[in-house]
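> model this:
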Amino acid sequence: MDYNLISTLETCASYIQSGKEAGIIDLVLYSHIPTLIAALLAGFYIFLKNPKSTASQALLMLSFSFSLWTFFDFLIWTSTDSRIIMSSWSVLGFLNTAILLSALYLVAVFPKNKDIPLKFKALLLLPIVPIIAFAPTSLNLIGFDVMNCEATENSLYVNYYYLFSLVLFFIILGIVIAKYKRATNSSEKKQITLLGIGVTLFLLSFLLSGFLSSYFDFYLFEFYGLFGMTAFLVFLGYLVVRFKAFEVKLLGAQALVLALLLLIGVQFFYAKTTTDFILDAFTTLLVLVAGYFLIRSVAMEVKRKEELQKLSDNLAHANERLKELDTAKSEFISIASHQLRTPLTAIKGYLSLILEGSYGPVTPAIQDVLDKLYIVNNRLTQLVEDLLNVSRIEAGRIQYNFQPTHLEALAAELTDMFALNAKDKNLYLKMSLPKKTLPEMMVDPNKIKEVMQNIIDNALKYTPEGGVDLIVENGGDRARIIIKDTGIGIKPEDKEHLFQKFLRSKETTKMVVSGAGLGLYVGKSFVEAHGGKVWAESEGPGKGSRFIIELPFVNPKVKQGVSDQVSALAPQEDKKNS
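A predicted model of the protein is given here:
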């Protein structure tokens, strides 16, 4: 080889040869080429996926600046031409600063893609003007050291761009901390943290290795600084896979296959024989094929999950809408019931006065009509009251007036109330009380009376012959009220629906057309608010029914006086409907 002082320097060739023998050139290849390719791949991949994203553009600038710096530094280490070495060396300072500016731009716009003001950009770019202007002059490179095959740097220029880079580094740290503090949710905080750590590790290793190389005139430090890009790419990959950062849907399998291909591809630079090349090529092909099927299967799985998530979101939205409609329905029922109750109460009052003779004597024919009107009005009044109770239960606005009460007194009152009704239907109504008087219980007597009244009324309605037994007994730590009839009974499949609102069995509908299926629903809510329970038993159709109400003698959650109690039934209904 013909050596000269320009294109082929003997000292440079000897340095390269000795570097090969010492393994330095292998280290150059391993540190420069994989990181260069990885940075370009990551930058262009994310940019092409979302080219309009400001964050994607900033990342591309960072990866491109770093790749150019790495490429020119690679030329310095592998070239014997002083022109190439000097030209490459002259742009390193500018590219060094460009890397810092790109990193700053990236952390400033991430993750919301909100661009920074033009004035701020101009303020940052102003100090870089001298670095660009003086790059091809002696203020940057004084000359070329032939003996050491390296450029001679002007310390003033080097110190200037390193100082500027250091200032940019601390500005980047400040932006990361400020954005973390202003983040409004945990996901955004995690993304900023991960990007901040990745950028900091990369810039710290890159700047520190460059400074040490210049300060100690030992440029092998630069090799290790480049591996900071690998750490940054790891954090970047996690951001994209975990948080869909940069609005890119990258699968973990894709990132893994790309990393494997990159690591295997590096081995081509170390292949010494044909066998090495064949083995590397075969391994690369194997990873490509396996990676293709892996990515394909994972992509299908991810697609299915996304479809399921979309369906789940739609169902959640529909459920919220149903809840809104249910609330609106309850409010409508409450308003309508309030409006209906006033005229019904007035009608009942006037009918009572007429029947009592307050407005003069009534003929038997009119008396019969008025009696029927009175019964129908009572039924309608009860329906309105049930609707009001339902709306209050679902809104959690039922009021209870807890007082010391003897259940035997309530049972006796109800027996007297329904005695005439039972006699008119040729049915018996018997009451059975415990021999030893039950202790006073802290209950709302009106609510418990309403529950018992509704069940007794139903028992008389749906019992064609025989009668009804009202039994009050001591059940140990609780009182038990049993209302037993000889009526139509209950089918096994109807038992689970008895206490649901607006539901009635076919048999009851055939016998009594009126009724909305609300009484048992309301009663269950009242009993459960007292800490008790109510259920029905029956051996089957035509074999009668037993309704059992159990109330604890002592309920620590109940205090004497008026209080609001949220129905235990309402949340269960919500759960069923959700």
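> Show me where the stretch 351-500 of the chain has its helices.
Counting by DSSP state H, counting those that start in this stretch, the segments of the stretch 351-500 of the chain that form helices are 364-395, 407-424, 445-461, 492-495.
> Mind putting those into JSON lines with mean neighbour count and mean pLDDT?
Bear in mind the C-beta positions are built from the backbone N, C-alpha and C, glycine included. Output for those, formatted as JSON lines (neighbours: other Cβ atoms under 10 Å; pLDDT from 0 to 100):
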{"stretch": "helix 364-395", "mean neighbour count": "16", "mean pLDDT": "75"}
{"stretch": "helix 407-424", "mean neighbour count": "15", "mean pLDDT": "92"}
{"stretch": "helix 445-461", "mean neighbour count": "21", "mean pLDDT": "91"}
{"stretch": "helix 492-495", "mean neighbour count": "13", "mean pLDDT": "81"}
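> In JSON lines: the ones you listed, plus distance to residue 548.
Compiled in JSON lines, the helices of the stretch 351-500 of the chain are given as follows (distance: least, Cβ to Cβ, whole Å):
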{"stretch": "helix 364-395", "distance to residue 548": "21"}
{"stretch": "helix 407-424", "distance to residue 548": "14"}
{"stretch": "helix 445-461", "distance to residue 548": "10"}
{"stretch": "helix 492-495", "distance to residue 548": "13"}
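> Now do the one helix or strand residue 106 maps to: which elements does it pack against?
With secondary structure defined by DSSP states H and E, residue 106 is part of helix 82-109. Judged by 3 or more Cβ pairs under 8 Å, 6 or more residues apart in numbering; DSSP states H and E, the packing partners of helix 82-109 are helix 54-78, helix 118-125, helix 129-133, strand 141-145, strand 150-153, helix 155-182, helix 186-216.
> from those, which stretch is densest packed?
Ranked by average neighbour count under the criterion mean count of other Cβ atoms under 10 Å, the helices and strands packed on helix 82-109 are headed by helix 54-78 at a mean of 22.
> Check which helices and strands that helix sits against.
Helix 54-78 sits against helix 24-49, helix 82-109, with contacts defined as 3+ Cβ pairs under 8 Å, 6+ apart.
> mind redoing it with 10 Å?
Contact here means 3 or more Cβ pairs under 10 Å, 6 or more residues apart in numbering; DSSP states H and E; on that basis helix 54-78 packs against helix 10-22, helix 24-49, helix 82-109, helix 186-216, helix 221-225, helix 228-243.
> what angle do it and helix 186-216 make?
Counting by axes from the mean of the first three to the mean of the last three Cα atoms, to 10 degrees, helix 54-78 lies at 20 degrees to helix 186-216.
> Tell me how the protein divides into domains.
Using automatic domain parsing, the domains assigned to the chain come out as 10-250, 398-577.
> Kindly calculate the angle that the helix holding residue 106 makes with helix 10-22.
For helix 82-109 and helix 10-22, the angle between their directions (the same axes, to 10 degrees) works out to 60 degrees.
> mind checking pLDDT for residue 323?
As summarised for this prediction, residue 323 has a pLDDT of 81.
> burial count for it?
The number of residues packed around residue 323, counting by other Cβ atoms under 10 Å, is 13.
> what does residue 362 give?
15.
> give me phi/psi at it?
Geometry field for residue 362 lists phi and psi as phi -120, psi 130, criterion degrees, to the nearest 10.
> Per-residue pLDDT of it, please?
The score at residue 362 is 80. That number is its pLDDT.
> Residue 335 now?
On pLDDT, residue 335 comes in at 68.
> before we move on, what about residue 196?
Here, the pLDDT recorded for residue 196 equals 95.
> Need the mean per-residue confidence for the helix holding residue 106.
Mean pLDDT, computed over helix 82-109, is 95.
> Among the domains of the chain, which comes closest to residue 304?
Closest approach to residue 304 among the domains of the chain (Cβ to Cβ): domain 10-250, 14.2 Å.
> quick one: that closest one to chain centroid distance?
Taking Cα atoms, centre = their mean, to the nearest Å, one finds the center of domain 10-250 at 38 Å from the center of the full chain.
> May I see the helices and strands packed on helix 82-109 arranged in TSV, with distance to residue 388 as well?
Putting the helices and strands packed on helix 82-109 into TSV (distance: least, Cβ to Cβ, whole Å) gives the following:
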stretch	distance to residue 388
helix 54-78	58
helix 118-125	64
helix 129-133	80
strand 141-145	92
strand 150-153	90
helix 155-182	50
helix 186-216	45
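> For residue 519, which of those is the nearest?
Taking the helices and strands packed on helix 82-109 one by one with Cβ to Cβ, helix 186-216 is closest: 49.1 Å.
> what's the angle between the closest one and helix 155-182?
Direction vectors for helix 186-216 and helix 155-182, defined by the same axes, to 10 degrees, enclose an angle of 170 degrees.
> For the remainder of this discussion, apply numbering that starts at 28.
Understood, numbering begins at 28; the last thing we discussed is helix 213-243.
> any chance of the helices and strands packed on helix 81-105 in a markdown table, plus distance to residue 565?
As requested, the helices and strands packed on helix 81-105 are arranged in a markdown table below (distance: least, Cβ to Cβ, whole Å):
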| stretch | distance to residue 565 |
| --- | --- |
| helix 37-49 | 96 |
| helix 51-76 | 66 |
| helix 109-136 | 71 |
| helix 213-243 | 55 |
| helix 248-252 | 84 |
| helix 255-270 | 58 |
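> of those, which approaches residue 370 most closely?
Evaluated over those, closeness to residue 370 peaks at helix 213-243, with 56.6 Å, by Cβ to Cβ.
> what's the angle between that closest one and helix 51-76?
Angle, helix 213-243 to helix 51-76, by the same axes, to 10 degrees: 150 degrees.
> Out of the helices and strands packed on helix 109-136, which gets nearest to residue 136?
Ranking these by proximity to residue 136 (Cβ to Cβ) places helix 81-105 first, at 4.6 Å.
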